[in-house]
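**Q** coords please:
(chains A and B)
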There are 2 protein chains.
Amino acid sequence: MKQDNKKSQINIGLIGLGTIGAGTARVLIEKAESFSWQIGCPLVLKRAADTNPERINVLKGGQAIFSTSAADVLNDPDIDIVVELIGGEHPAVDFMKEALSKGKWVVTANKNVISRHGYDLLKIAQEHSVDIFFSASVGGGIPLIDPLRNQMIANKINTIYAIINGTTNYILTNMAKSEMDLPTALKEAQEQGFAEANPASDVEGEDAAYKIAILATLGFHTRVHPDNVYREGITRLTSRDFRYAQELGYIIKLLAITKEVNNSIEVRVHPTFITSDMLLSKVDGVFNAIQIEGDLIGKTLFYGRGAGAAPTSSNVAGDIIHAAHNIYTGKGPSLGVKFGTPKQIKPVSEIVTRYYIRMNVEDKPGVLAQITRVLGESDISISSVIQKLADEEKQTAEIVIMTHPAKESFVQQALKQMAELPVVKEIGNFIRVES
Amino acid sequence: MKQDNKKSQINIGLIGLGTIGAGTARVLIEKAESFSWQIGCPLVLKRAADTNPERINVLKGGQAIFSTSAADVLNDPDIDIVVELIGGEHPAVDFMKEALSKGKWVVTANKNVISRHGYDLLKIAQEHSVDIFFSASVGGGIPLIDPLRNQMIANKINTIYAIINGTTNYILTNMAKSEMDLPTALKEAQEQGFAEANPASDVEGEDAAYKIAILATLGFHTRVHPDNVYREGITRLTSRDFRYAQELGYIIKLLAITKEVNNSIEVRVHPTFITSDMLLSKVDGVFNAIQIEGDLIGKTLFYGRGAGAAPTSSNVAGDIIHAAHNIYTGKGPSLGVKFGTPKQIKPVSEIVTRYYIRMNVEDKPGVLAQITRVLGESDISISSVIQKLADEEKQTAEIVIMTHPAKESFVQQALKQMAELPVVKEIGNFIRVES
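**A** Numbers count the residues shown, from 1 in each chain, chains lettered A, B, ... in the order given. Sure, this is the predicted structure:
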């Protein structure tokens, strides 16, 4: 017997049957009984769409109606929840807007759309008394977005340090452990299926930038667009940098970082030296980890698989069950994302951190004095220096400097001045240091 | 203007102003504006009770009415949420039952009550269309219970490995790093304020048993009472065990473990050898970490401060805001805890794991052969043996054996038989191994 306001069944429409979509479809079909038990009424994958007609095979054993057109999902008035898993900006964002506008709940794993259009989507959802969940958009299977949105809400978030790109972490782990150079490590990752044929989005930090923009938005209750994220990829790293890092007690990770300092926000992605006693430094291979520091909680860390069909489907299905339960009990949206007074995003030139600087110099007396004078004049103090004879024949040495905290613009200026010194052959690399 | 069904203000009554209660009161007073903004209406600490009249001082700057009687909180019809932070079984459980029966929502950090009476409390809550939240009962500030109850709900949980007692982890970290013996390490922990004057509940694993009973109940959807948890404390550990652990590539942690194997549940707390490549092995000092493995998510880990007023208040206040938002929007309870068919709890004699065995033997030929014969006859195969000359004068040696997976009852039987061998002076220790 149907109760007054209650639905007797919750229907899902899934758009996109690629790796994640297919994994989610399998989970919805195979675990239907368990999910229905959790929610209190049947949860049914009623429709699925993919432009590739062969993907109908994914739906075997279920009752879903397949279509090559997303419109068939969006136009079905019986669909309560639209699950968008095609990825990319368009048409994904258009599908989501249409679904929300029609009063359907939306679940997505789309970091690109959420980081660019999350604010608008949340607004449309609110206007139609529905909700949009996007737990799988950051950290794959790691339950992270929901704790940040809800359970940790009493905190003022101070910093987030995140390893949120599995491909680059896999590559950097190999470079650190096997002394591989970048091209070799990348090739190995591609052979293992951990890097795409065109790895640019991962290797250049774009993927991580989307994700940290989402975390910064949620953590600081202000809009952070991915275009506001300063980013450097891993392409300038060499095996020499890994050797020095180890010697100095550091690990190199591609960190996505966001901090709030005096109502102004830093948000950046770049290779980072972190000390080897930080738990983050132990996060190896394709795993992800996100360290969040709040005023009450102190440092907390979430670790797990940041990609892959099964882990991602854990978060997607968790969101679907959450939405379905809210719909079934007639609850309406959960505690929403609150946006406060917009906060300023600090340009990278304004940040203050420590730096690792590696350079090739002529091996003759007085060189170090010239370099340290430049640094001193730029108000940068040195915490340690390593000088090594790099090439006896060419009479060049390699100098590695670790600085105390200094303003980025001063460091950039000093780097330029040092590069112009006749005794300096080349600035090998400079890498920011966090602890 | 008050809307139809909506409350214009949510009132909190707090029972218990000890360390955690006082911390929570401060947070509720100091962050009232921010919390009210999040929820959409004022969140007010209206009443607080503690048997110690001096604790009224905690409430300075707020508007709470102090009382030495919890009844004043429970009998106030304007109180929407009762926050129980006195700890211990009685009268805490009685207060919570009364509050729920009166249609008030309850937030608690009480591991003792939740592990013993959680099922009944959830039932009473359901009958009165309210809810009880207990995020701070396990892992202090770590957002763990909510993800396990909700975001990870699509998973079939396979195993939970948890470092959930900060006191013992602090002691074991010191024993591993400074080669302290247990009495010294305990004394140091007491001096630092990380162990109580009477440390029995921590050191003997009782505290961890409460917590793993809660996690097993939530993870496996079946009732697990703390009396069903097999537990051994850390009191038999010596510095020799730590030395051998290091030599063999292991770290010793007091692990709380629960697993579901073939519909039957293991739930136990004991010192455990874990390999030094596990992230759990890097969790040092008073920090807690909980590794959960599910069929979709794979291994995920939550890390943070497991105790202390500020971290605990993060979870308590998170729960309060969650409850307040549900009350304000007239939503009723969240997705509840579902209980399935009761599952059998496996006696420890039935578990299968690997073992570290340390013993003192006479230093003469043939001893090892006698010992390995006993193990072989009990169907226990050996993975490695270390034999050391322990005491030249007494002509005794120390043997350390690592076994392959074996049934606990067989190992216990073999230990008894080995202890009876004339060449065996003493079974020094045996410790379970997990990886």
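
**Q** Surely A:G140 is in a strand?
**A** No: checked against DSSP: H, G, I helix; E, B strand; the rest coil, A:G140 lies outside a strand; its state is coil.

**Q** and stretch A:234-248, how far out from the chain's middle?
**A** With CA atoms, centre = their mean, to the nearest Å as the basis, stretch A:234-248 stands 23 Å off its chain's centre.

**Q** Would you mind listing the outside residues contacting that stretch?
**A** By CB atoms under 8 Å, 6 or more residues apart in numbering or on different chains, the list of residues contacting stretch A:234-248 from outside reads A:168, A:171-172, A:175-176, A:179-182, A:203-205, A:251-252, A:254, A:271, A:273, A:356, A:358, A:384, A:386, A:398, A:400, A:402, A:428-429, A:431. For every residue, glycine as well, the C-beta is placed using N, CA and C.

**Q** Domain map for chain A?
**A** A:10-140+A:309-328, A:145-306, A:349-434 (automatic domain parsing).

**Q** taking the contacts of stretch A:234-248 one by one, which sit in strands?
**A** A:251-252, A:254, A:271, A:273, A:356, A:358, A:384, A:386, A:398, A:400, A:402, A:428-429, A:431 (DSSP state E).

**Q** quick one: A:S115 is in a helix?
**A** Yes: assessed with three-state DSSP, A:S115 lies in a helix.

**Q** got the contact list for A:G140?
**A** Applying CB under 8 Å, 6+ apart, the residues near A:G140 are A:G166, A:N288, A:G304, A:R305, A:G306, A:A307, A:G308, A:P311, A:T312, A:N315.

**Q** Let me have those residues in a markdown table, extended by neighbour count.
**A** Below are the contacts of A:G140 laid out as a markdown table (neighbours: other CB atoms under 10 Å in any protein chain shown):
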| residue | neighbour count |
| --- | --- |
| A:G166 | 23 |
| A:N288 | 26 |
| A:G304 | 28 |
| A:R305 | 23 |
| A:G306 | 28 |
| A:A307 | 21 |
| A:G308 | 19 |
| A:P311 | 27 |
| A:T312 | 27 |
| A:N315 | 32 |
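
**Q** could you dump the residues you listed to JSON lines with distance to chain B and secondary structure?
**A** Below are the contacts of A:G140 laid out as JSON lines (distance: CB to the nearest CB, whole Å; DSSP: H, G, I helix; E, B strand; the rest coil):
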{"residue": "A:G166", "distance to chain B": "12", "secondary structure": "helix"}
{"residue": "A:N288", "distance to chain B": "10", "secondary structure": "strand"}
{"residue": "A:G304", "distance to chain B": "3", "secondary structure": "strand"}
{"residue": "A:R305", "distance to chain B": "5", "secondary structure": "strand"}
{"residue": "A:G306", "distance to chain B": "11", "secondary structure": "coil"}
{"residue": "A:A307", "distance to chain B": "11", "secondary structure": "coil"}
{"residue": "A:G308", "distance to chain B": "8", "secondary structure": "coil"}
{"residue": "A:P311", "distance to chain B": "5", "secondary structure": "helix"}
{"residue": "A:T312", "distance to chain B": "9", "secondary structure": "helix"}
{"residue": "A:N315", "distance to chain B": "7", "secondary structure": "helix"}
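
**Q** got the residue ranges for the helices in chain A?
**A** Using DSSP state H, the helices of chain A run over residues A:19-30, A:32-39, A:70-74, A:92-101, A:111-127, A:145-146, A:166-178, A:182-191, A:200-203, A:206-220, A:239-248, A:309-328, A:367-377, A:408-420.

**Q** who does the first one touch, helix- and strand-wise?
**A** In this structure, helix A:19-30 makes packing contacts with strand A:10-15, strand A:43-49, helix A:309-328, judged by 3 or more CB pairs under 8 Å, 6 or more residues apart in numbering or on different chains; DSSP states H and E.

**Q** Output the ones you listed in a markdown table; the columns should cover distance to B:K156 and mean pLDDT.
**A** Formatted as a markdown table, those follow (distance: least, CB to CB, whole Å; pLDDT from 0 to 100):
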| stretch | distance to B:K156 | mean pLDDT |
| --- | --- | --- |
| strand A:10-15 | 20 | 98 |
| strand A:43-49 | 16 | 98 |
| helix A:309-328 | 11 | 96 |
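
**Q** could you redo these as TSV and give each row distance to B:S435?
**A** Shown next, in TSV, are those (distance: least, CB to CB, whole Å):
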stretch	distance to B:S435
strand A:10-15	38
strand A:43-49	36
helix A:309-328	21
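
**Q** A:A195: which of the ones you listed is closest?
**A** Ranking the helices and strands packed on helix A:19-30 by proximity to A:A195 (CB to CB) places helix A:309-328 first, at 16.9 Å.

**Q** List the contacts of the closest residue to A:S378 other than its chain neighbours.
**A** Closest residue to A:S378 apart from its sequence neighbours, by CB to CB, 6 or more residues apart in numbering or on different chains: A:A414 at 4.0 Å. The contact partners of A:A414, taken as CB under 8 Å, 6+ apart, are A:V374, A:L375, A:E377, A:S378, A:I380.

**Q** One more pass at 10 Å, please.
**A** Applying CB atoms under 10 Å, 6 or more residues apart in numbering or on different chains to A:A414 gives the contacts A:355, A:357, A:371, A:374-380, A:403, A:406, A:430.

**Q** Now the buried members of those.
**A** Among the contacts of A:A414, the ones that count as buried by 16 or more other CB atoms under 10 Å in any protein chain shown are A:Y355, A:I357, A:I371, A:V374, A:L375, A:S378, A:I380, A:T403, A:A406, A:F430.

**Q** My guess is A:A310 contacts A:R26. True?
**A** Yes: between A:A310 and A:R26 a contact is recorded at 9.1 Å, counting by CB atoms under 10 Å.

**Q** Test for you: state the pLDDT assigned to the residue nearest to A:S378.
**A** pLDDT, A:A414: 97.

**Q** next one: A:E33
**A** 96.

**Q** Mind pulling up the pLDDT for A:D146?
**A** At A:D146, pLDDT is 95.

**Q** Ok, A:E377 next?
**A** Reported pLDDT for A:E377: 95.

**Q** my guess is A:G166 contacts A:T312, does it?
**A** No: with contact defined as CB under 10 Å, A:G166 does not reach A:T312; the gap is 11.3 Å.

**Q** Common neighbours of those two, please.
**A** A:G139, A:G140, A:R305, A:G306.

**Q** List the beta-bridge partners for the closest residue to the last one other than its chain neighbours.
**A** Pointing back at A:G306 there. Nearest non-adjacent residue to A:G306, counting by CB to CB, 6+ apart: A:N288, 3.0 Å away. Per DSSP bridges, the residues bridged to A:N288 are A:G304.
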